[in-house]
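Colleague: starting from these lines, generate the structure:
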Amino acid sequence: MAPPSSSTPAAAFTPYQKFVVGLLAVLQFAVIIDFMLMAPLGVWIMPALTITTGQFGVAVSAYAFSAGISGFVSASFADRFDRKKLLMIFYGGFLLGTLGCGLAPTYELLLAARVFTGVFGGVIGSIVLAIATDLFEISLRGRVMGMIQTAFAASQVLGLPTGVLLVERWNWHGPFLVLAAIGLVGLVVIGAGLKPVDAHLGKPQEHSPLMHLWHTLTEPRHLTPFLTVTLLATGGFMLMPFSTAFLNHNVGIATADLPTIYFCTGLCTIMFGPMIGKAADKIGKLKVFLFGSVVTMSMVLLYTHLGHVPLWVVVLVNVVMFVGIFSRMIPFQALSSQVPEPTRRGAYNAISSSIQQVSGGVASAVAGLIVSTGADGRIEHFADVGYVVVGTTLIGMWLMTRIDRQLRAKP
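Modeller: Next up, the predicted model:
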């Protein structure tokens, strides 16, 4: 008998579930903001600490690498505790790291604070997904993932402009200090409002944490989703590092107009994210994923071949492209959440998060090898990056079909 992985009647959220969805989305928003703040703050941080672009690049990447390592290590014990307690511990550590970034007077202390923040912040996303999977049935999971993914778009619309405003009002320490202060309120809300998430503890557990990690990593049913998330991360991370320079030098968009593109994209994604999740629950996760893949490939090819066009055309193409990207991520997370057993959800999500972090870094590096900068500043061979993204998207469609088929065959 097939599991309800395709299309199921829409169910309703209880008041407590609405609270949990909102809380998880806010936590994701905070973690994403902390990660994304560093790059735009570079113009203030580098002269303030008297560091080079290379040193600043190390500080930015330190979070991602420490988050990837931490996520992998945490997989060994992620299913051995109440997920609420784990969330509070790692979110508390994340806030301490953020506070450390805001107070760091030297580059060395800032670098240490970024590593510390990544160690704790890199695990929060996997805990959030495990809680969402534990507390919401599959007929609701598309909408839940849609709300959680919307946090990424909200960070573009609300977080980054607010962060820059705080810097201009105070200094580069301001955004981190404000984020830590607001996050402390969130920690209190978690402690007071979130019920224990420990149903998985009543099921048999492996005695050895290392064996639990090993068996989760090598479980044949997990390998296809792990490979799929690798390819999903590849697409976005290959395009993003060079998009700003491409739009400025190749398409002719003024730097003053770039925030308009990201603001409109983020605003539309906030609107479409929940709708995509609802469609995944109603129409079917696989169908929405395949639709999103076709839209993504079409828009990536168009985007990477853009010439001099008006601003509104760039905004339109960017918005539709991100709608396609989110139409892949949301149903993938909802469908793949059915793959692990309850006693392995924490470890599965932690490993998946680590793979996403590492593959994103590799994808950025590969894209750097493909493109080059011309004498006039133009980004050359950007279209080749688009072809690679299309290739990975096609493979991802095939892998997602395999995941759906395996779930349907599962008793």
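
Colleague: helices and strands of this protein: which one has the lowest mean pLDDT?
Modeller: helix 160-169 (a mean of 73; mean pLDDT, DSSP states H and E).

Colleague: buried residues in the helix or strand that it is followed by?
Modeller: Where DSSP states H and E defines the elements, the next helix or strand beyond helix 160-169 is helix 174-193. Buried positions in helix 174-193, judged by neighbour count with 16 or more other C-beta atoms under 10 Å: 174, 175, 176, 177, 178, 179, 180, 183, 186, 187, 190. For the C-beta atoms, the positions are set from N, CA and C on the backbone; glycine is no exception.

Colleague: list the contacts for the third one?
Modeller: Residues counted as contacts of residue 176 (C-beta atoms under 8 Å, 6 or more residues apart in numbering) are 34, 37, 98, 99, 101, 102.

Colleague: which element, helix or strand, includes the first one?
Modeller: To tie it back to what came earlier, the one meant is residue 34. Per DSSP H and E: helix 15-49 holds residue 34.

Colleague: and the contacts of residue 176, which of them are buried?
Modeller: 34, 37, 98, 99, 101, 102.

Colleague: and those residues, which two are the farthest apart?
Modeller: Using C-beta to C-beta, these span at most 13.7 Å, a distance reached by 37 and 99.

Colleague: show me where the stretch 251-400 of the chain has strands.
Modeller: 372-373, 379-380 (DSSP state E, counting those that start in this stretch).

Colleague: distance from the chain centre to the first one, please.
Modeller: This points to strand 372-373. 28 Å (C-alpha atoms, centre = their mean, to the nearest Å).

Colleague: for that strand, packing partners?
Modeller: strand 379-380 (3 or more C-beta pairs under 8 Å, 6 or more residues apart in numbering; DSSP states H and E).

Colleague: can you do 6 Å?
Modeller: Helices and strands touching strand 372-373, by 3 or more C-beta pairs under 6 Å, 6 or more residues apart in numbering; DSSP states H and E: there are none.

Colleague: can you list contacts of that strand?
Modeller: Residues outside strand 372-373 that contact it (C-beta atoms under 6 Å, 6 or more residues apart in numbering): residue 380.

Colleague: tell me the domain ranges of the protein?
Modeller: Domain assignment of the chain by automatic domain parsing yields the ranges 15-198, 208-411.

Colleague: could you give the separation of the longest one from the chain centroid?
Modeller: How far domain 208-411 lies from its chain's middle: 10 Å, per C-alpha atoms, centre = their mean.

Colleague: pull stretch 187-198 out as CSV, backbone CA atoms only.
Modeller: Extracted C-alpha coordinates of stretch 187-198, given in CSV (Å, rounded to 0.1, in the frame of the first residue of the first chain):
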residue,chain,number,x,y,z
LEU,A,187,15.0,31.2,23.7
VAL,A,188,12.5,32.1,26.5
VAL,A,189,9.6,31.4,24.2
ILE,A,190,11.0,27.9,23.3
GLY,A,191,11.4,27.1,27.0
ALA,A,192,8.0,28.2,28.0
GLY,A,193,5.9,27.4,24.9
LEU,A,194,7.3,24.3,23.2
LYS,A,195,6.3,21.0,24.6
PRO,A,196,8.9,18.1,24.8
VAL,A,197,9.5,16.4,21.5
ASP,A,198,10.6,13.0,22.8
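
Colleague: going forward, begin numbering at 15 instead of 1
Modeller: New numbering, starting at 15: the last item is stretch 201-212.

Colleague: I'd like the distance between the closest residue to residue 321 other than its chain neighbours and residue 417.
Modeller: Spatial nearest neighbour of residue 321, chain neighbours left out: residue 265 (7.0 Å); criterion: C-beta to C-beta, 6 or more residues apart in numbering. The gap separating residue 265 from residue 417 is 37 Å, by C-beta to C-beta, to the nearest Å.

Colleague: over to residue 152?
Modeller: Taken as C-beta to C-beta, the span from residue 152 to residue 417 is 14 Å.

Colleague: more neighbours, those two?
Modeller: residue 417 (23 against 19; other C-beta atoms under 10 Å).

Colleague: that one and residue 236 touch, don't they?
Modeller: No: using C-beta atoms under 6 Å, residue 417 is not in contact with residue 236, being 10.3 Å away.

Colleague: which pLDDT value goes with residue 97?
Modeller: Per-residue pLDDT puts residue 97 at 85.

Colleague: what's the closest non-adjacent residue to it?
Modeller: residue 211 (3.9 Å).

Colleague: okay, and that neighbour sits in which element?
Modeller: Going by DSSP H and E, residue 211 is not in any helix or strand.

Colleague: got the contact list for it?
Modeller: Counted by C-beta under 6 Å, 6+ apart, residue 211 has contacts 97, 98, 145, 148.
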